[in-house]
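# Give me the fold of what follows.
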Amino acid sequence: MSKRIKMAKNNICGKWIRFVRKGLYDKKHPKMTQEELTTKLQLLGLKIDRTALSRIESGSRILSDIEVACFASALNVPLEFLFIGSNGSLPEITELVLHVAEDA
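The predicted structure is shown next:
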């Protein structure tokens, strides 16, 4: 039986997904509800409900690469933004590894 590693955060994109969804990206990206975003995702073929979206935004659900690409498309933002956000840089690998090491 495999033991799942519990991490404080399981993705680095969730906070930027929420950032864009709340209309904070720019004036061309109006605020939308979780239901509106899940509808857009479902039209793209990604079956995610509001509960799953909430878990993604909080960082408690892992995202696949295909899901991240669908979010970027639905939110109409560059794929890179969902990884680097407004910081403009990816988190350091050591920072990500520390999350795994602390919970192992």
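
# Report the residue spans of this protein with pLDDT below the cut-off.
Along the chain, segments meeting pLDDT under 70 span 1-8, 88-104.

# 80 - rerun?
1-8, 87-104 (pLDDT under 80).

# Spatially central residue in the chain, please.
G14 (2.7 Å; Cα atoms, centre = their mean).

# Next up, the contacts around that one.
I56, E57, S58, G59, R61, L63 (Cβ atoms under 8 Å, 6 or more residues apart in numbering). To be clear about C-beta, it is placed using only N, CA and C from the backbone, and glycine gets the same treatment.

# Which ones among the residues you listed map onto helices?
Judged by DSSP state H, those include I56, E57, S58 as members of helices.

# my guess is the second one meets R18, correct?
The reference is to E57. Yes: using Cβ atoms under 8 Å, E57 makes contact with R18 at a distance of 4.2 Å.

# When the two are compared, which one has more neighbours?
E57 (21 against 18; other Cβ atoms under 10 Å).

# Count the residues that sit near Q42.
14.

# Let me fix that, I meant to ask about N76.
Neighbours of N76 (other Cβ under 10 Å): 11.

# doesn't D26 make contact with it?
No: look at N76 against D26 with Cβ under 8 Å: they stay out of range, at 10.5 Å.

# Show residues contacting stretch 70-86.
Outside stretch 70-86, the residues touching it (Cβ under 8 Å, 6+ apart) are 12-13, 15-17, 19-21, 25, 29, 37, 40-41, 44-46, 63, 68-69, 90.

# just stretch 57-68 next, same as before
Contacts of stretch 57-68 (Cβ under 8 Å, 6+ apart): 8-15, 17-18, 21, 34, 46, 48, 52, 55-56, 71, 79, 82-83.

# Which among these count as buried?
Buried subset of those (neighbour count, 16 or more other Cβ atoms under 10 Å): 10-14, 17-18, 21, 34, 46, 48, 52, 55-56, 71, 82-83.

# Select from these every entry located in helices.
Short answer: the buried ones among the contacts of stretch 57-68 in helices (DSSP H) are G14, I17, R18, R21, Q34, A52, R55, I56, F71, L82, F83.

# my guess is the second one contacts I56, does it?
Yes: using Cβ under 8 Å, I17 is in contact with I56, at 6.4 Å.
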